[in-house]
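Colleague: sequence and computational prediction follow.
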There are 2 protein chains.
Amino acid sequence: MSESRNELPTGPAARREALDARYGGTIPAGDGPWNETLAVLLRHRSVRAYDPTPLPAGTLEMLVAAAQSAATSSNMQAWSVVAVTDPSDRAVLAEVASGQRHIEECPLFLVFVADLSRHARIAEAEGAVLEGLPFTETFLVAAMDAAFAAQNAVVAAESLGLSTVYIGALRNDVERVAALLQLPPGSAAVFGLCVGTEAARSNAGVKPRLPQAAVLHRGHYAPAADMAALPGYDAALERFSGAQERRAYTWTQRVLTRLGTLRSLAGRDGLRAALERLGLPLR
Amino acid sequence: MSESRNELPTGPAARREALDARYGGTIPAGDGPWNETLAVLLRHRSVRAYDPTPLPAGTLEMLVAAAQSAATSSNMQAWSVVAVTDPSDRAVLAEVASGQRHIEECPLFLVFVADLSRHARIAEAEGAVLEGLPFTETFLVAAMDAAFAAQNAVVAAESLGLSTVYIGALRNDVERVAALLQLPPGSAAVFGLCVGTEAARSNAGVKPRLPQAAVLHRGHYAPAADMAALPGYDAALERFSGAQERRAYTWTQRVLTRLGTLRSLAGRDGLRAALERLGLPLR
């Protein structure tokens, strides 16, 4: 169950506990800074079961203010967000996402949109041409703008004792999502986000991540570091998944399953062509 | 100048002030939640002048722990980060980024890497093939994973009274950055991040964003909302840029300048071809 903001543990013991949970006991906690916001960040868990209780008034607006406060490339603000309210729309989105029912259950479901349509509307109104629009770079800016913004919304929600989970599986069929939400040409959904209070039946835990030595490089990239860290992390994730999920798996197994076959892309091998049809060619 | 964590203003007046700054006075503050983490999020400013003072011990490790705590698609953790320490490397990166000298000046400069090379190394060690790697979808996952992670690092840094600025201009020449940092095939820098204490000479302010009505859609996307909000936002940004930057500009002018010509992409119209040469084909 989620804790309210005032119950957040503080102090060195809480810091050590948070780091142990995040790294599955593979990291010495050492010395370093700690505060309430760091506690919010470290304790993130992806939650897939929600109470239907509506969020307090003003919550959505504050999440969006937090999202808009994130940096955005050249202040282009190349993203939008749709709060999907209609239950039948939610049902379609859950179907696109291979039946994830928390999309229907959560009190707030947001779809984040990489959005270059606004700039196109402005150019049209001004009688101008935007030569820079139809490029991989510009779509990437829009997708990363959406990601920066959404992550701020996640941190804001979790600071308020709410829980979240990203829904990348909306990309299984970006054209169906675009038609449903009436997205204009030049825009596409890049992911969804469930927000709400964690249901009592939820058992979501803090998932261990790769040791820092595998991810953080000093000076230059050192490819040997992650292979050395792999056996320990495989064991940590196997313990976690065995306790938390339907069956235990190592990270190595997960990587080979998730990226091994075209089938596991669940239709997303057609993403580039679909984006082009939505007015987002990746030159 | 940055404030330490304990000097953060709280209470309804602080909430109203934060919303007024973020929206340039275009939004009624209304009622809604507020806490210290929301205050950290709302007061974000991109800072381009730093004290050279080294960061306190343990800061880098805590920023990376915050970054790794962000959600990552299917737990693929498809990103890495390089802390660039060598002054001559910093000078090269500043040159790639069209001479942004804060890259050389800040005590901590991080390069965030969309990284599918780790999965390729695992597959090679296991004698497996990853059919899912060479797709737009998979690169997009890696780039957005890097963005979620980096945004958590930004929030962590700002919660500690430090300042930050993203450096998207590393994408002006991703191949030069990859060679410099010895990035393996299957990985590419997607942006940099300066972290440090704001210099006394800095005058960075909270930049106003588009009104919420332009960005937040309820139920379905409504293209008319942003065009209606545009004149007010043009005026707000013109006031802000006139006070804070070398010359005043409206948002409409900024959009037409930034996206109007191929030249303004500063070489990034070649990004897709460069990614392919780095082992990241966007099928």
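Modeller: Perfect, I can see it now.

Colleague: could you pull out the helices in the stretch 101-250 of chain A for me?
Modeller: A:102-105, A:117-126, A:136-159, A:174-181, A:212-215, A:224-244 (DSSP state H, counting those that start in this stretch).

Colleague: which of these sits most buried?
Modeller: A comparison of the helices of the stretch 101-250 of chain A by mean neighbour count, using mean count of other C-beta atoms under 10 Å in any protein chain shown, puts helix A:136-159 on top with a mean of 27. Quick note: C-beta positions are derived from backbone N, CA and C, even for glycine.

Colleague: now A:L265: closest residue in space that isn't a chain neighbour?
Modeller: Using C-beta to C-beta, 6 or more residues apart in numbering or on different chains and skipping residues adjacent in sequence, the residue nearest A:L265 is B:G132, 5.2 Å away.

Colleague: which residues touch that neighbour?
Modeller: For B:G132, the contact set (C-beta atoms under 8 Å, 6 or more residues apart in numbering or on different chains) comprises A:258-262, A:264-265, A:269, B:138.

Colleague: rerun that using 6 Å as the cut-off
Modeller: B:G132 is in contact with A:259, A:264-265, B:138, counting by C-beta atoms under 6 Å, 6 or more residues apart in numbering or on different chains.

Colleague: how far away is it from B:S163?
Modeller: According to C-beta to C-beta, to the nearest Å, B:G132 stands 38 Å off from B:S163.

Colleague: A:T37 now?
Modeller: As for A:T37, its distance to B:S163 is 15 Å (criterion: C-beta to C-beta).

Colleague: got it, and A:I167?
Modeller: Counting by C-beta to C-beta, the separation of A:I167 from B:S163 is 33 Å.

Colleague: hmm, back to that, dump the helices of the stretch 101-250 of chain A into a markdown table; add mean pLDDT and distance to chain B as well.
Modeller: A markdown table is the format used below for the helices of the stretch 101-250 of chain A (pLDDT from 0 to 100; distance: least, C-beta to the nearest C-beta, whole Å):
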| stretch | mean pLDDT | distance to chain B |
| --- | --- | --- |
| helix A:102-105 | 98 | 14 |
| helix A:117-126 | 97 | 5 |
| helix A:136-159 | 98 | 4 |
| helix A:174-181 | 98 | 5 |
| helix A:212-215 | 94 | 5 |
| helix A:224-244 | 92 | 5 |
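
Colleague: need those in a markdown table (columns: distance to B:P12).
Modeller: Below are those laid out as a markdown table (distance: least, C-beta to C-beta, whole Å):
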| stretch | distance to B:P12 |
| --- | --- |
| helix A:102-105 | 33 |
| helix A:117-126 | 32 |
| helix A:136-159 | 17 |
| helix A:174-181 | 35 |
| helix A:212-215 | 40 |
| helix A:224-244 | 40 |
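
Colleague: need the contact list for A:L108.
Modeller: A:L108 makes contact with A:55, A:195, according to C-beta under 6 Å, 6+ apart.

Colleague: and the gap between it and A:A157?
Modeller: Using C-beta to C-beta, A:L108 is found at 9 Å from A:A157.

Colleague: again, but for A:A91
Modeller: In terms of C-beta to C-beta, A:A91 sits 23 Å off from A:A157.

Colleague: next one: A:L116
Modeller: In this view, A:L116 and A:A157 are 27 Å apart by C-beta to C-beta.

Colleague: local confidence estimate at A:A13?
Modeller: At A:A13, the pLDDT value in this model is 87.

Colleague: that one belongs to a strand?
Modeller: No - according to DSSP: H, G, I helix; E, B strand; the rest coil, A:A13 belongs to no strand; its state is helix.

Colleague: what's the burial count for it?
Modeller: Each residue near A:A13 was counted by other C-beta atoms under 10 Å in any protein chain shown, and the total is 10.

Colleague: can you check the one 5 residues further on too?
Modeller: The number of residues packed near A:A18 is 21, by other C-beta under 10 Å.

Colleague: tell me the contacts of it?
Modeller: Shown in contact with A:A18 (C-beta under 6 Å, 6+ apart): A:L42.

Colleague: in chain A, spot the strand with the most residues.
Modeller: If you go by DSSP state E, chain A has its longest strand at strand A:187-196.

Colleague: neighbouring strands for that strand, and are they parallel or not?
Modeller: When sheet partners are counted by DSSP bridges, strand A:187-196 sits next to strand A:108-115 (antiparallel), strand A:163-167 (antiparallel).
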